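Peer 1: Have a look at this fold, sequence not included:
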Ligand code: 5GP
Ligand code: MG
């Protein structure tokens, strides 16, 4: 089945915004070593672009959170990938594709806090504040969007569409 897509952000506009975010992050962490933790899988494309626009040295690691879905979405999260670096005393920047209800972000922050980092900040390419269920906000936000389901630039619909250079709205046709 073909995905019905409507363009939302072009690769060029994403690149421009990534450069702006990278400038702010480079300024904010100019005198502190920074450890990027990309959230698998969706945050990988953004993290790869962001780190190459930073003007400060960073390390890169990964985390993967799986929510138990099904009938009752209790917000229970299991970590199937954890960073391999020791994180105690580190300045961590979590790099996310999208902040939706905030359940995943809250679990990631809670889990990473247990490692006693020196600081913990969050950067998300996209933010849907209108969908928020948990009290969490990112320190760095690429674009704020309405209640739309988007794909491309790392974001998938059932594992499809991650490779698209632009971000698109997925049309959900009701039968
Ligand atoms: P949250 O826990 O904040 O509700 O959502 C976390 C995850 O839901 C995101 O990391 C992402 O995988 C998925 N998600 C939420 N909104 C969208 C969207 O618009 N498009 C895609 N592709 N995934 C989304
Ligand atoms: Mg996903």
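Peer 2: Perfect, I can see it now. Just so it is clear, the model here is predicted, and its values are computed rather than measured. Numbering: from 1, shown residues only. Ligands and ions are numbered 1, 2, ... in the order given.
Peer 1: can we go C-alpha only for contacts and neighbour counts from here?
Peer 2: OK.
Peer 1: Quick one: residues contacting residue 90.
Peer 2: The contact partners of residue 90, by CA atoms under 8 Å, 6 or more residues apart in numbering, come to 33, 34, 35, 117, 118, 119.
Peer 1: do that again at 7 Å, thanks
Peer 2: Residue 90 makes contact with 35, 117, 118, 119 under the criterion CA atoms under 7 Å, 6 or more residues apart in numbering.
Peer 1: For the spatially closest residue to residue 7 that is not a sequence neighbour, which residues are in contact?
Peer 2: Of all residues not flanking residue 7 in the chain, residue 168 sits nearest, at 4.3 Å (CA to CA, 6 or more residues apart in numbering). If you count contacts by CA under 7 Å, 6+ apart, residue 168 has them with 5, 6, 7, 8, 9, 150, 151, 152.
Peer 1: pLDDT value on residue 168, please?
Peer 2: On the pLDDT scale, residue 168 is placed at 98.
Peer 1: if you look at the strand or helix carrying it, does any of it touch ligand 1?
Peer 2: Element membership of residue 168 [criterion: DSSP states H and E] is strand 167-170. No - Strand 167-170 stays out of contact with ligand 1 when judged by CA under 6 Å from any ligand atom, the minimum separation being 7.9 Å.
Peer 1: Just flag the most distant two among the contacts of residue 168.
Peer 2: The most widely separated members of the contacts of residue 168, counting by CA to CA, are 5 and 9 (11.9 Å).
Peer 1: What is the subsequent helix or strand relative to the lengthiest helix in the chain?
Peer 2: Taking DSSP state H as the criterion, the chain has its longest helix at helix 11-28. From helix 11-28 onward toward the C-terminus, using DSSP H and E, the following helix or strand is strand 34-39.
Peer 1: what inclination does that next one have with respect to helix 11-28?
Peer 2: 140 degrees (axes from the mean of the first three to the mean of the last three CA atoms, to 10 degrees).
Peer 1: who are the neighbours of strand 34-39, in terms of helices and strands?
Peer 2: Packing partners of strand 34-39 (3 or more CA pairs under 7 Å, 6 or more residues apart in numbering; DSSP states H and E): strand 58-67, strand 91-99.
Peer 1: Mind telling me which of the ones you listed the model trusts least?
Peer 2: strand 58-67 (a mean of 94).
Peer 1: Tell me which strands the helix or strand bottoming out on mean pLDDT in the chain pairs with, and in which orientation.
Peer 2: Lowest mean confidence among the helices and strands of the chain (mean pLDDT, DSSP states H and E): strand 77-81, at a mean of 92. Using DSSP bridges, strand 77-81 pairs in its sheet with strand 58-67 (antiparallel).
Peer 1: what is the orientation angle of the partner strand with strand 91-99?
Peer 2: Going by the same axes, to 10 degrees, strand 58-67 makes 50 degrees with strand 91-99.
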